[in-house]
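Chemist: Have a look at this fold, sequence not included:
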């Protein structure tokens, strides 16, 4: 009978030890290796060409972005898109090629595309003063008079991180910017992200 009790006690100790190891492994996984969304920042916005004709606007748009992977594993990204909106209507977009960002690294990306001609909104809605935009956002590059066109840029990235080579997690990030462009010369008046 004592041999049976010692076997039972050994099994109980071994079971408790295995449960403890599983809890410790889950704790380490959820604290150290927990997947985090990438960090996106827009570093620069340019409008290389800009034209206004017959109350319609067309231009070329360039956005420089930096995407940082805060995870301890590589971030494989896909389904990436930059979209431009004017009063809620999509006026242009481009897809960002799929790729991979190594652990703790930052990848710089440039997206340039042409925006086809679109009509300006009614003058009272589409023209905001530089002072009004400054109250809205982060300030002005310099004080300019005249009308502006305000557009919204949305960068969306999705992908996956493979933690410990075993678990795959989907992660995603978004970055929205509001950009005021002078209709007189196509210069960027203000950017707020």
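Modeler: Okay, I see it. Everything numeric here is computed off the predicted structure, so don't read it as measured data.
Chemist: confidence score at the residue most central in space within the chain?
Modeler: The centroid of the chain falls nearest to residue 174 when counting by CA atoms, centre = their mean (3.3 Å). Residue 174 is assigned a predicted lDDT (pLDDT) of 96.
Chemist: Report the spatially nearest residue to it, omitting neighbours in sequence.
Modeler: Among residues not flanking residue 174 along the chain, residue 156 sits closest, at 5.1 Å (CB to CB, 6 or more residues apart in numbering). Placement of C-beta: from N, CA and C, glycine included.
Chemist: Who are the packing partners of the helix or strand that the one you found is a member of?
Modeler: Using DSSP states H and E, residue 156 sits within strand 148-163. Counting contacts by 3 or more CB pairs under 8 Å, 6 or more residues apart in numbering; DSSP states H and E, strand 148-163 packs against strand 39-53, strand 56-68, strand 75-86, strand 89-96, helix 130-136, strand 167-182.
Chemist: Can you say which of the ones you listed is nearest to residue 114?
Modeler: In terms of CB to CB, the element of the helices and strands packed on strand 148-163 nearest to residue 114 is strand 56-68, at 5.1 Å.
Chemist: which strands and helices sit next to that closest one?
Modeler: The contact analysis (3+ CB pairs under 8 Å, 6+ apart) places strand 56-68 against strand 39-53, strand 75-86, strand 106-119, strand 148-163, strand 167-182.
Chemist: Output these as a markdown table; include the columns distance to residue 12.
Modeler: Converted to a markdown table, the helices and strands packed on strand 56-68 look like this (distance: least, CB to CB, whole Å):
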| stretch | distance to residue 12 |
| --- | --- |
| strand 39-53 | 47 |
| strand 75-86 | 43 |
| strand 106-119 | 51 |
| strand 148-163 | 32 |
| strand 167-182 | 30 |
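Chemist: Give me the secondary structure label for residue 25.
Modeler: With DSSP: H, G, I helix; E, B strand; the rest coil as the basis, residue 25 sits in helix.
Chemist: try residue 30
Modeler: Per three-state DSSP, the secondary structure class of residue 30 is helix.
Chemist: Let's see the pLDDT reported for it.
Modeler: Note on residue 30: pLDDT of 71.
Chemist: I'd like the helices and strands packed on strand 148-163 as JSON lines, with distance to residue 191 appended.
Modeler: Output for the helices and strands packed on strand 148-163, formatted as JSON lines (distance: least, CB to CB, whole Å):
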{"stretch": "strand 39-53", "distance to residue 191": "5"}
{"stretch": "strand 56-68", "distance to residue 191": "10"}
{"stretch": "strand 75-86", "distance to residue 191": "13"}
{"stretch": "strand 89-96", "distance to residue 191": "17"}
{"stretch": "helix 130-136", "distance to residue 191": "10"}
{"stretch": "strand 167-182", "distance to residue 191": "5"}
